[in-house]
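1. I need the structure of the sequence given here:
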Amino acid sequence: MILEHLSDNKASTERKKPVSWIPVEAEQGKLGAALLELLASSYQVCPRGSNPQIRRKRTSQTAIPIDAHTLPGPETDNAMVESSSNAIIRMFHVHKRYGAKFALQDLTLDIMKNEYLFVTGASGAGKTTLLKLLYLGESVSEGQVLVDGMNISRIKRKGIPQLRRKFGIIFQDYKLIPTKTVYENVALVLEAAGRKPRLIEKKVRSVLRTVGMEDRMKALPPSLSGGEQQRVAVARAVVGDPKIILADEPTGSLDTESAGVIMAFLDEFHSRGATVVIATHDAELIRKGTGRVVHLRDGRLLSSSSTPGHRD
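-> The predicted structure is shown next:
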């Protein structure tokens, strides 16, 4: 999916493996560095004639599942963690350092299947870092992270695409390809996964209809409002039917009305079975929420509680 990103040039020498080609414009370089990092695990920009291309490597789907019960469990109270057998994400004494500075310190956390979780804290508390560790946007310095039964510290590079297909990610600044239409931005996820054109068209139209953007599917992102671009970003995140949706400040740059629309869409996809994890510092957004709230301070887990509207 879109999370499987542009790799470095080392793989450009791999000529023996069969590949499929997906053309992209040179303007793709205008995407933010964060999205390009996410695209790097199974794609690479390669020249073919004078046009840049994305070459999709056919990699093994093998990852390393392990029994979560063999790892030391989190030492937290019952309000924070339910049965570990129902956890889709488990983090055990996780540390993340950038040089001498800790972004996360000794974080132990379980996230349940189909949970709606807010991760909050001041700027620099570690919210975005936490999300990145889950899909190997960053690697842990110490500790263990399990996602859907896989110990991600043991996943080799070729197994990263399998992990990332479990996630749909929504960014605050959208990260849409400006030279591709709304339809093409969303369809890229399914094209990268090798889906058939007929299925792609059906699925993309369906998800754009759900987020109210079917009538703008031929438009380019720069012609859309911020709220419309975030709707497209939501569609792109969910079109591959991910088990987990990660949203990093998804309403941070939106007005109140547009933010409400985006949250309603996340509620809808949560009701269909997805686990939703939202990083935000917006107290009002949390107050109106219906899930659990994890508070971070200086990279440490401060507390875990339910939102006022939480439904058990």
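2. for the stretch 101-250 of the chain, which segments count as helices?
-> For the stretch 101-250 of the chain, the helices defined by DSSP state H, counting those that start in this stretch occupy 127-134, 160-164, 182-192, 197-210, 226-238.
3. what's the closest of the ones you listed to residue 112?
-> Nearest to residue 112, of all these, is helix 127-134, at 14.2 Å by C-beta to C-beta. Heads up, the C-betas are built off the backbone N, CA and C, glycines and all.
4. report the mean confidence score over the closest one.
-> On average, the pLDDT along helix 127-134 is 97.
5. ok, residues contacting that helix?
-> 89, 91, 94, 96, 103-104, 107, 119-121, 137-140, 145, 147, 152, 167, 169, 244, 246, 248, 277, 279-281, 296, 299 (C-beta atoms under 8 Å, 6 or more residues apart in numbering).
6. confidence score at residue 7?
-> pLDDT, residue 7: 40.
7. pLDDT weak spots in the stretch 1-150 of the chain?
-> By pLDDT under 70, the weakly predicted segments of the stretch 1-150 of the chain are 1-84.
8. count the residues that sit near residue 300.
-> Here the count is done by other C-beta atoms under 10 Å, and residue 300 has 15 residues near it.
9. for residue 276, see how far away the nearest residue to it once chain neighbours are set aside is.
-> In space, and not counting its chain neighbours, residue 300 is closest to residue 105: 5.1 Å by C-beta to C-beta, 6 or more residues apart in numbering. Note on residue 105: its distance to residue 276, by C-beta to C-beta, to the nearest Å, is 25 Å.
10. between the two, who's got more neighbours?
-> Comparing residue 105 with residue 276 by neighbour count (other C-beta under 10 Å), the higher total belongs to residue 276, at 22 against 19.
11. so that one makes contact with residue 117?
-> Yes. Applying C-beta atoms under 8 Å, one finds residue 276 in contact with residue 117, separated by 7.0 Å.
12. overlap of the contact sets of those two?
-> residue 291.
13. ok, residue 230 - contacts?
-> Going by C-beta under 8 Å, 6+ apart, the list of residues near residue 230 reads 170, 174, 250-251, 254, 258, 262.
14. equivalent analysis for residue 205, please.
-> Residue 205 neighbours (C-beta under 8 Å, 6+ apart): 214, 217.
15. do the same with residue 266
-> By C-beta under 8 Å, 6+ apart, the contact set of residue 266 is 234, 245, 247, 250, 276, 278.
16. that one: what secondary structure?
-> helix (DSSP: H, G, I helix; E, B strand; the rest coil).
17. now do residue 88 against residue 113, distance only.
-> Distance of residue 88 to residue 113, computed by C-beta to C-beta: 5 Å.
18. on that earlier part again, for residue 123, see how far away the residue nearest to residue 300 is.
-> For residue 105, the distance to residue 123 - C-beta to C-beta - is 17 Å.
19. swap in residue 143?
-> Taking C-beta to C-beta, one finds residue 143 at 23 Å from residue 123.
20. fine, thanks again, bye for now.
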